[in-house]
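> have a look; sequence and predicted model below, questions after that.
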Amino acid sequence: MTPATRQSARGPGESRLVRVAERSAIGIASLVLSIGLILLLSGYFAGRDQAAVSGGTSGPGQAFSDLGHATLSPGQPRPSYNSNPPTSGPHVPEAVVRDGATLNDDQLLQALQLGNVVIVYGTPKPPAGLSKFASTAAPPFTPALAATGGFSFMFGPLFLVTILLYRNYFYRSSVSVSEGHFGVLVIVAGIGYACAALVTPPATRRLSKPAWITLLLAASGVVALALGETFVQLAYLAIGFCVYLFRQGVAISATTILQEEVDDAYRGRVFAFYDMMYNAAYVAGAAASAGFMPSSGHSPLIIALVGAGYVLVAAVYWVATRRGQSSPGSGDSDGPGGSGAGTGMPTSAAQPSNS
């Protein structure tokens, strides 16, 4: 029996099952590869701290025995620690939720358990130079990186939907015709990509860059929902123009923020991570949707999820930037607290009276 005869002998149900299995295998393999790449690069960069702030076998100060980091339940009695403030010991896991706040013993021990460096000072204001040292040793989180990754993750399924629509829905009868019209879409998207360089500079002179990123993310969701659900070829030309303009506008603003906020010692490392977020998140988003996307690309559910995802990323990014601006993290605060990297002073009430 020839291969063509064997293929024709398959029933429609079996052929459909094979196609689903193939798409699922491709999606799972792509997702695993993306996650592996993210973990590999994250581990690579995480292990390259500045030598000037790395630990050593000896140093100034007094060493205390390690009392472990056993977990206590709220209300359990605390043991006697061997230092004041404590450097190790059983505690209730309690995260430090904002900068410039006083720390109780549980927050202090949890921060130390997670590998943070805590510098305790007994004055309302941090000593001179501590804020600068803290921001150099541990730069603040930049939400622009997360916004870029979120945009790319949502862009992946939308790109895959568009390819399948042009091949198997708009022009299913002719490959050459679908390729020709898809080429027109590429040209239109390229025009939108170029227009971002014309639109973003004047826009960011009137709006802050975080506000512009938020607006572009939200606009992407609106465009995806309003035009994507029509499944009309002309509407997807408009989507291609708008989404590529929005994507490049986010990229321009995010890279500018990184240039302004990241110290020179970390800038190359951060931009390497930025490139990984930009590309790996895009592949991961497409892979995550490949397993349940129809071969025609006609999926109102996926378009709805993409649109809602863009709006959600916009809301989370805006809240993150607002929290970052409202936190007291400067060294000029009059209240007891920490420097810009989250150092703090444990309250006197939280310090046990042991030696």
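Arrived safely, thanks for sending.
> and the strands in the stretch 101-250 of the chain, which stretches?
Assigned by DSSP state E, counting those that start in this stretch, the stretch 101-250 of the chain shows no strands.
> what segments of it are helices?
Using DSSP state H, counting those that start in this stretch, the helices found in the stretch 101-250 of the chain span residues 105-113, 130-137, 143-165, 175-206, 209-228, 233-261.
> what's the angle between the fourth one and helix 209-228?
Angular relation of helix 175-206 and helix 209-228 on a 0 to 180 degree scale: 150 degrees, by axes from the mean of the first three to the mean of the last three Cα atoms, to 10 degrees.
> the third one too?
When the same axes, to 10 degrees is applied, the directions of helix 143-165 and helix 209-228 differ by 20 degrees.
> coming back round to it: dump the helices of the stretch 101-250 of the chain into JSON lines; add mean pLDDT as well.
JSON lines is the format used below for the helices of the stretch 101-250 of the chain (pLDDT from 0 to 100):
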{"stretch": "helix 105-113", "mean pLDDT": "86"}
{"stretch": "helix 130-137", "mean pLDDT": "68"}
{"stretch": "helix 143-165", "mean pLDDT": "92"}
{"stretch": "helix 175-206", "mean pLDDT": "93"}
{"stretch": "helix 209-228", "mean pLDDT": "95"}
{"stretch": "helix 233-261", "mean pLDDT": "93"}
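> compute the first-to-last residue distance for stretch 87-106.
Its first and final residues considered, stretch 87-106 spans 11 Å by Cα to Cα, to the nearest Å.
> buried residues in it?
87-92, 94, 96, 99-106 (16 or more other Cβ atoms under 10 Å). For every residue, glycine as well, the C-beta is placed using N, CA and C.
> tell me which of the residues you listed is nearest to Val222?
Among those, Asp99 lies closest to Val222 (Cβ to Cβ), at 33.9 Å.
> most tightly surrounded among the helices of the stretch 101-250 of the chain?
Ranked by mean neighbour count, those are led by helix 143-165 with a mean of 23 (mean count of other Cβ atoms under 10 Å).
> so which elements touch it?
With contacts taken as 3 or more Cβ pairs under 8 Å, 6 or more residues apart in numbering; DSSP states H and E, helix 143-165 sits against helix 209-228, helix 233-261, helix 264-290, helix 300-326.
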